[in-house]
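> sequence first, predicted coordinates after that:
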Amino acid sequence: MSARYLLRRLAQLVPAVAGIVLVAFVIIHVAPGDPVLALAGQHGDVAYYAFMRAKFGLNRPLPEQLVVYAANVVRGDLGTSYVHGRPVVAVVLERLPATLLLMTTSLLASSLAGIALGVTAARRADRTADLLVRFAALVGYATPSFWLAQIAALTLALGTGLFPVQGISDARQAWTGWRYVGDVVHHLALPALVLAANELALTTRLVRAGVLDALTTDYIRTARAKGLPEPAVVRHALRNALLPVVTVIGGRIGMLFTGAVLVETVFAWPGLGLLLLSSIQTRDTPVLLALFLLVSLAVILTNVITDLTYAWLDPRIRYD
Amino acid sequence: MPGSTRVFGMTSILRSASGVVGVALTGAFTLLAVLAHVVAPTDPFASVGSSLTPPSRAHTFGTDDLGRDVFSGIVHGTRTSLTVMLAVVAIASILGVGVGAVAGYRGGGVDDLLMRGTEAVQIVPRFFLAVIVIALFGPGLDRVVLVLGLTSWPAIARVVRAETLSLVRREFVDAAHALGATTWRIVFRHVLPNALPTALVVISLNAASVILLEAGLGFIGLGDPRSISLGYLANNAQRFMRIAWWMTLFPGAAIALAVLGLNLVGDALSDLADPRRRRSGLPRPGA
């Protein structure tokens, strides 16, 4: 992977980010409702309205307002939350770690288990284990994450009492140190498993198809002919099978955020999902816009990371 | 179709088990949506019994907190769900096929420009865009359809472009050119019918994801309050999870079955569109 490719790929970030900022700006301006009327009340006098308009720069031409908005976004100034009374970015960043913990745990679990199940299914193609895995993957991929979350909460949490139903830690205990970590892991288990289900189903299907494809290739036949032990053969096949998996997982970061938001809602996991829900209920639009921009940025960055990983995994790819 | 070269007839989808189950499920849901007022004549918003009664002969799936029939809610929710899905798929398919066909057929700078635009739209997180649009413009099915329709076409455009790119180099297209066929005729009679199987795979998977997104929006309370939706039912169930399991179980199961049906149709279509990928027929290496 050449430095030139890296630079060019990073340069492509600029129009992508600009596009997203433009979308946010257009939506704000097309939306019904006058912010000045909202701030100054319905029955203020005209001079006061004009003063407010000038104060917030709302009397400037739209392109100028766009430049100001874009500059603010780039500086990380997304306005003040109506409800929290603090900068939106601070409010969002405060909730980000919980969501990231949930997402990374799920992604790690779904990727590792997906590879294991996919390889198992491919090696036993069309036998019972394969059929079971394929059926489970189909069902897992079709199940709405919030429903799976509800069912898990209903059975595993409320039914058996093995898992807590809500939250990130036990509010009645002031654990510290390792006991706190253990408590968080206990609370994390169900939401993370539920969120992992959709990804697991997809990863399993892709790995299975990829390994099956790879197992019919000449280099695998050569490896077998050389007398390579079967686990080593599968490792050979897996490396090529993982290429499309990387692309697909990378391309689903937006869906993963969506899933996290819905799962958090069910388990009252104190991350971006609960923030989104409360901001909808309190009409805290600056927060909602910030969440849209944040997830868009995450998608853009993940696309770059995916491309770079792809180039690193497949030495045949030399972009220049 | 005379004069064109179709890869397969649409009925061959019924030759695989997943195709049969997928078509049956999708058909059943379509029928349920079309005949919603016959299957469940009562208004899904009307209180028809005492509240929170478990499934019984009178109310197959029980009643909710306001004494509304959960079965009726699901049947009419299916109608909402499928209406949104069809409208979104229509918009996304027209845009996707149009952009893909033009990009693939014209190539060069037009292709570059269209594909950059496609990549740009693909970045937009559909769910979060829908959230801010509904938050700022108020709830309504029309804006859900518009937002999802305008953001769901890139995957379709990409496969149609790829298919078109490879098809325009084929001999039968050269032959059509030589016979003096117009560009329109070549695109509509020769290229698109052959790109259709692959496009349909993506379209059916896209339809499944739209159902999930619409349900997700309803679940966080952003559905249209005037029409009942499966997401709304699941959202309402959340508060009564400890005492009314039936409110949770049935609406979500309906969503899962509808999505499963469309995914199975997609799978079966993908086997037909690319028979090399159908694994069962191939000799198993090392077996």
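Cool, got the structure.
> by proximity to chain A, which residue of chain B wins?
Nearest to chain A, among the residues of chain B, is residue B:252, at 2.9 Å (Cβ to the nearest Cβ). Where C-beta positions appear, they are placed from N, C-alpha and C, glycine not excepted.
> confirm that residue sits in a helix?
Yes: counting by DSSP: H, G, I helix; E, B strand; the rest coil, residue B:252 falls inside a helix.
> for stretch A:132-147, the distance to its chain's centre please.
The gap between where stretch A:132-147 is centred and where its chain is centred comes out at 19 Å by Cα atoms, centre = their mean, to the nearest Å.
> again, but for stretch A:225-235
Centroid displacement of stretch A:225-235 relative to its chain, using Cα atoms, centre = their mean, is 36 Å.
> which parts of it are buried?
Residues A:233, A:234 are the ones in stretch A:225-235 that count as buried (16 or more other Cβ atoms under 10 Å in any protein chain shown).
> one more: stretch B:94-103?
B:95, B:96, B:97, B:99, B:100, B:101, B:102, B:103.
> got the contact list for the fourth one?
By Cβ atoms under 8 Å, 6 or more residues apart in numbering or on different chains, the contact list for residue B:99 reads B:114, B:117, B:118, B:153, B:157, B:160, B:161.
> what's the most distant pair in those?
B:117 and B:160 (14.4 Å; Cβ to Cβ).
> how about the host helix or strand of residue A:66: buried residues?
In this structure, residue A:66 sits in helix A:62-74 according to DSSP states H and E. Neighbour-count burial for helix A:62-74 flags A:65, A:66, A:69, A:70, A:73 (criterion: 16+ other Cβ under 10 Å).
> list the helices and strands that helix packs on?
helix A:13-30 (3 or more Cβ pairs under 8 Å, 6 or more residues apart in numbering or on different chains; DSSP states H and E).
> contacts for the helix it packs on?
A:62, A:65-66, A:69-70, A:73, A:289, A:292-293, A:296-297, A:300-301, A:304, B:116, B:120, B:123-124, B:129, B:132-133, B:136.
> try 7 Å
Contact with helix A:13-30 is made by A:66, A:69-70, A:73, A:289, A:292-293, A:296-297, A:300, A:304, B:120, B:123-124, B:132-133, B:136, as judged by Cβ atoms under 7 Å, 6 or more residues apart in numbering or on different chains.
> tell me how far residue A:123 lies from residue A:237.
Plainly put, residue A:123 is 10 Å away from residue A:237 if you go by Cβ to Cβ, to the nearest Å.
> comparing the two, which residue is more hemmed in?
More crowded of residue A:123 and residue A:237, by other Cβ atoms under 10 Å in any protein chain shown: residue A:237, with 25 against 21.
> state the pLDDT value of the more buried one.
Note for residue A:237: predicted pLDDT of 86.
> mind listing what it touches?
So residue A:237 contacts A:211, A:214, A:215, A:220 (Cβ under 7 Å, 6+ apart).
> nearest to chain B among the residues you listed?
Among those, residue A:215 lies closest to chain B (Cβ to the nearest Cβ), at 4.9 Å.
> pLDDT at the closest one, what is it?
Value for residue A:215, per-residue pLDDT: 86.
> so which helix or strand takes in the residue nearest the centre of chain B?
In chain B, the residue lying closest to the centroid (Cα atoms, centre = their mean) is residue B:207, at 1.0 Å. According to DSSP H and E, residue B:207 maps onto helix B:192-219.
> is stretch B:228-244 positioned near chain A?
Yes: with Cβ under 7 Å from any Cβ of the partner chain as the criterion, chain A is reached by stretch B:228-244 at B:234, B:237, B:238, B:241, B:242.
> tell me the secondary structure at the last one.
At residue B:242, secondary structure determined by three-state DSSP is coil.
> nearest residue to it in space, please, no chain neighbours.
In space, and not counting its chain neighbours, residue B:242 is closest to residue A:158: 6.2 Å by Cβ to Cβ, 6 or more residues apart in numbering or on different chains.
> just to be sure, the one you found is in a strand?
No: per three-state DSSP, residue A:158 lies outside any strand segment and is helix.
> run the chain-centre distance for stretch B:86-104.
The gap between where stretch B:86-104 is centred and where its chain is centred comes out at 13 Å by Cα atoms, centre = their mean.
> may I have that stretch exported as PDB, CA atoms only?
Backbone C-alpha positions of stretch B:86-104 (Å, rounded to 0.1, in the frame of the first residue of the first chain) are rendered in PDB as follows:
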ATOM      1  CA  LEU B  86     -43.600  -1.000  -1.800                       C
ATOM      2  CA  ALA B  87     -43.400   2.800  -2.100                       C
ATOM      3  CA  VAL B  88     -39.800   2.900  -1.000                       C
ATOM      4  CA  VAL B  89     -38.800   0.000  -3.300                       C
ATOM      5  CA  ALA B  90     -40.500   1.600  -6.200                       C
ATOM      6  CA  ILE B  91     -38.600   4.900  -5.800                       C
ATOM      7  CA  ALA B  92     -35.300   3.200  -5.100                       C
ATOM      8  CA  SER B  93     -35.700   0.800  -8.000                       C
ATOM      9  CA  ILE B  94     -36.500   3.500 -10.500                       C
ATOM     10  CA  LEU B  95     -33.500   5.600  -9.300                       C
ATOM     11  CA  GLY B  96     -31.200   2.700  -8.900                       C
ATOM     12  CA  VAL B  97     -32.000   1.100 -12.300                       C
ATOM     13  CA  GLY B  98     -31.900   4.500 -14.000                       C
ATOM     14  CA  VAL B  99     -28.600   5.600 -12.600                       C
ATOM     15  CA  GLY B 100     -27.000   2.100 -13.000                       C
ATOM     16  CA  ALA B 101     -28.100   1.700 -16.600                       C
ATOM     17  CA  VAL B 102     -27.000   5.200 -17.700                       C
ATOM     18  CA  ALA B 103     -23.600   4.800 -15.800                       C
ATOM     19  CA  GLY B 104     -22.900   1.400 -17.200                       C
END
